[in-house]
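[1] can't give you the sequence, but here's the structure:
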């Protein structure tokens with residue numbers, strides 16, 4: 001009976017020891033897990049801070065770039081408005097080249113005389129010479145009419161001036177921007193080349209390109 005009691009006591013002690021060891025092991029495991037979690041948190045924070053820093057840096061560069069680009073566009077737009085009159089409606093403007101310039105002249109009267117040659121009597125406004133006055137240079141005249149349709153009608157009849165006495169060297173054009181004038185000049189140069197190379201064909205500028213017309217039908221031919 002004594003041996004049996006001792007054996008039971010030893011078993012109970014071992015059982016308690018095993019329980020204690022298991023509890024200790026579990027505690028160590030939990031501690032290790034907590035350490036791993038803390039390490040992961042630290043790594044995540046480092047990555048988060050790094051990403052946040054990079055995003056702030058990129059955002060700052062992007063803002064500066066956009067700001068610079070917008071500022072450049074604003075400046076360019078302002079310059080165009082001042083130098084080219086972009087703020088005005090050009091579609092109602094007419095430009096006249098080659099009208100002799102005199103001191104103390106009446107520009108309105110000169111424009112009305114010119115329009116009489118075209119059998120046109122529109123209501124005109126804002127007649128003036130444009131550009132800086134220079135010795136020996138005849139500045140063009142710009143005037144405004146009531147509609148773009150009136151501009152078209154005047155331009156359509158402008159070819160009649162070549163047969164009008166005193167107006168043989170006077171030319172009329174729409175009011176174009178600098179870019180449009182450059183583009184137009186390129187077309188005119190191309191037109192001259194085509195006419196010189198093909199004297200038996202009839203070339204004109206139509207819808208932003210040089211085209212060849214059939215003398216009989218007036219239809220566009222393949223160049």
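    That came through, no problem. Keep in mind the model is a prediction, meaning the values are calculated, not measured.

[2] where's residue 135 relative to residue 107, distance?
    19 Å (CB to CB, to the nearest Å). C-beta coordinates here come from the backbone N, C-alpha and C atoms, glycine included.

[3] repeat for residue 115
    Counting by CB to CB, the gap from residue 115 to residue 107 is 13 Å.

[4] Neighbour count for residue 135 and residue 107, which is higher?
    More neighbours surround residue 107 than the other of residue 135 and residue 107, with 18 against 4 (other CB atoms under 10 Å).

[5] wouldn't that one be in contact with residue 142 here?
    No - judged on CB atoms under 8 Å, residue 107 makes no contact with residue 142 at a distance of 9.5 Å.

[6] Quick check: mean pLDDT of stretch 173-192?
    Averaging pLDDT along stretch 173-192 yields 84.

[7] Would you map the strands across this protein?
    Secondary structure of the chain (DSSP state E): strands located at 93-97, 125-129, 141-144, 171-174, 202-206, 209-213, 220-221.

[8] any chance you could map the helices in the protein?
    2-84, 107-117, 148-157, 178-197 (DSSP state H).

[9] between these, which gets the lowest average pLDDT?
    helix 2-84 (a mean of 64).

[10] Residue 144: neighbour count?
    The number of residues packed near residue 144 is 20, by other CB under 10 Å.

[11] That one: what's it in contact with?
    Going by CB atoms under 8 Å, 6 or more residues apart in numbering, residue 144 touches 92, 93, 94, 124, 125, 126.

[12] Between the residues you listed, identify the one with the most neighbours.
    residue 94 (24 neighbours).
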